[in-house]
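Chemist: coordinates only, no sequence provided:
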Ligand code: DC
């Protein structure tokens, strides 16, 4: 039997992971956050004091790299060399490093099969930057989820404030724009909308409305 797959791509902070997770929950599919996998490779580079932007330093680390993914209470956990790094990979420093290692062709090639294998074994909702274009070009549903940079920065600000962290709107906006630029301009698998992906702009939608819009896009393509 062949499994169904839903690819959700888009820039950082568009709400991909929250929406993809909720969608997967509703459909009973496995949610795969592929950014977390790139983050784990980036963390390895930082652990080894390698420059995440330098292929000469990063590529040798791929050999024998021990990355595992697991699910606990429906939550995706990442393990690096047996250590649960699910919280560590969310640090600000790792975000920038993940964007850098993800521009290295050997890193992308190394993770490609890891991601495809998951989709061969389960129904998945996979979120990332190149799922609809490269990883799962035959996905049943492809959605490009985006929102204006200012709206994404505003959401991030609220998230940080709710966690009691100090944050500055302008700094967050700059950071988002910088990561967008890096992700869109790398020469391999850049962030872009697949020709056959539906565009969902959540700038003026709240979470509930976004999920509803996403669900109706899915229902157009697959019988649930
Ligand atoms: O979604 P995220 O912010 O956790 O992703 C971290 C970085 O990983 C992001 O800057 C780009 C990269 N990435 C990628 O290149 N391809 C993917 N499929 C997912 C993430």
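Modeler: Nice, I can see it. Computed from a predicted structure; not experimentally measured.

Chemist: the ligand contacts on the chain?
Modeler: Within the chain, the positions near the ligand by C-beta under 6 Å from any ligand atom are 12, 34-35, 38-39, 95, 98-99, 102, 128-131, 179, 183. To be clear about C-beta, it is placed using only N, CA and C from the backbone, and glycine gets the same treatment.

Chemist: and of the residues you listed, the nearest to residue 113?
Modeler: Set against residue 113, the nearest of the residues of the chain next to the ligand by C-beta to C-beta is residue 34 (12.7 Å).

Chemist: circling back: out of the residues of the chain next to the ligand, which are inside helices?
Modeler: If you go by DSSP state H, the residues of the chain next to the ligand have 34, 35, 38, 39, 95, 98, 99, 179, 183 in helices.

Chemist: would you mind measuring from the third one to residue 78?
Modeler: In this structure, residue 38 and residue 78 are separated by 10 Å, where distance is defined by C-beta to C-beta, to the nearest Å.

Chemist: okay, these two: which has more neighbours?
Modeler: Between residue 38 and residue 78, residue 38 has the larger neighbour count (other C-beta atoms under 10 Å), namely 24 against 21.

Chemist: can you pull the contacts of the more buried one?
Modeler: The neighbours of residue 38, taking C-beta atoms under 8 Å, 6 or more residues apart in numbering as the test, are 98, 101, 102, 107, 111.

Chemist: as TSV, these with neighbour count and distance to residue 205 would be great.
Modeler: Output for the contacts of residue 38, formatted as TSV (neighbours: other C-beta atoms under 10 Å; distance: C-beta to C-beta, whole Å):
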residue	neighbour count	distance to residue 205
98	24	27
101	31	32
102	27	28
107	26	33
111	22	31
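
Chemist: export these to TSV and tack on pLDDT?
Modeler: Below are the contacts of residue 38 laid out as TSV (pLDDT from 0 to 100):
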residue	pLDDT
98	95
101	96
102	94
107	96
111	95
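
Chemist: residues in contact with the closest residue to residue 75 other than its chain neighbours?
Modeler: In space, and not counting its chain neighbours, residue 75 is closest to residue 86: 8.0 Å by C-beta to C-beta, 6 or more residues apart in numbering. Contacts of residue 86 were listed using C-beta under 8 Å, 6+ apart, and they are 36, 75, 76, 77, 78.

Chemist: A strand includes residue 86, no?
Modeler: No. Secondary structure of residue 86, determined by DSSP: H, G, I helix; E, B strand; the rest coil: coil, with no strand assignment.

Chemist: for residue 10, grab phi and psi.
Modeler: With angles defined as degrees, to the nearest 10, residue 10 sits at phi 160, psi 170.

Chemist: low-confidence stretches in the chain?
Modeler: The model of the chain has pLDDT under 70 over residues 1.

Chemist: how about the strands in it?
Modeler: 5-9, 30-33, 67-72, 75-80, 83-84, 124-128, 141-146, 198-201 (DSSP state E).

Chemist: for the residues of the chain next to the ligand, which one is nearest residue 222?
Modeler: residue 131 (15.9 Å).

Chemist: burial check on the closest one, number of neighbours?
Modeler: 30.

Chemist: what's stretch 159-169 in contact with?
Modeler: Here stretch 159-169 has contacts from 153, 154, 156, 157, 172, using C-beta under 8 Å, 6+ apart.
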